[in-house]
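[1] Next one to model:
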Amino acid sequence: MELKKILYAEDEPDIQAVAKLALEMVGKFEVLICGNGIEALERVGDFGPQLILLDVMMPGMDGPTTLARLRADPRTAAIPVVFLTAKVQGAEVEQYKALGALDVIAKPFNPMMLSDQVRACWEAAHD
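    Below is the predicted model:
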């Protein structure tokens, strides 16, 4: 199955803009940007993403809490989640994966490479 729809929860407007542009123009994905985890939870049902990208540090509800809420809801429990964070030490990556994340992409990311990184995460989950 080809990845087409991505929801990205990110609170920084500059990163939102770069990621949306990179994912839509380079990756040809349909992207919904949400400003935080609460908005992501409110909008995930209507949008129906195949993959969710979560910033780890967000005001209101952080990425790990958002992931826990997604996993607790039968309608969203199976949607793969990838964290984007500057904290990519081995122990932290393992901790995020233990929470149920598919993978972790380092920030700052290269806009020209982001779509390939996301697609690689997706393909690894569907091997």
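[2] May I ask which helix or strand encompasses residue 100?
    Taking DSSP states H and E as the definition, one finds residue 100 inside no helix or strand.
[3] Report the contact partners of the nearest residue to residue 22 once chain neighbours are set aside.
    Leaving aside its sequence neighbours, residue 22 sits nearest to residue 111 (CB to CB, 6 or more residues apart in numbering; 3.9 Å). Yep, even glycine has a C-beta here, placed from its N, CA and C like the rest. For residue 111, the contacting residues are 18-19, 21-22, 26, by CB atoms under 8 Å, 6 or more residues apart in numbering.
[4] Can you flag which of these belong to helices?
    Counted as lying in helices by DSSP state H, out of those, are 18-19, 21.
[5] Make a ChimeraX selection of whichever of those residues turn out to be buried.
    A single ChimeraX command selects the buried members of the ones in helices among the contacts of residue 111 (16 or more other CB atoms under 10 Å):
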select :18,19
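[6] Just the closest of the ones in helices among the contacts of residue 111 to residue 45, please.
    residue 19 (21.7 Å; CB to CB).
[7] State whether the closest one and residue 9 are indeed in contact, as I suppose.
    No. In this structure, residue 19 is not within contact of residue 9 by CB atoms under 8 Å, at 10.7 Å.
[8] Against residue 90, how distant is residue 68?
    Per CB to CB, to the nearest Å, residue 68 is found 22 Å from residue 90.
[9] Just want to know which of these two has more residues nearby.
    Taking other CB atoms under 10 Å, residue 68 and residue 90 do not tie; residue 68 has more neighbours (14 against 7).
[10] May I see the buried residues of the helix or strand where the more buried one lies?
    Taking DSSP H and E as the definition, residue 68 sits inside helix 63-72. Of all the residues in helix 63-72, those buried under the rule 16+ other CB under 10 Å are 63-67, 69-70.
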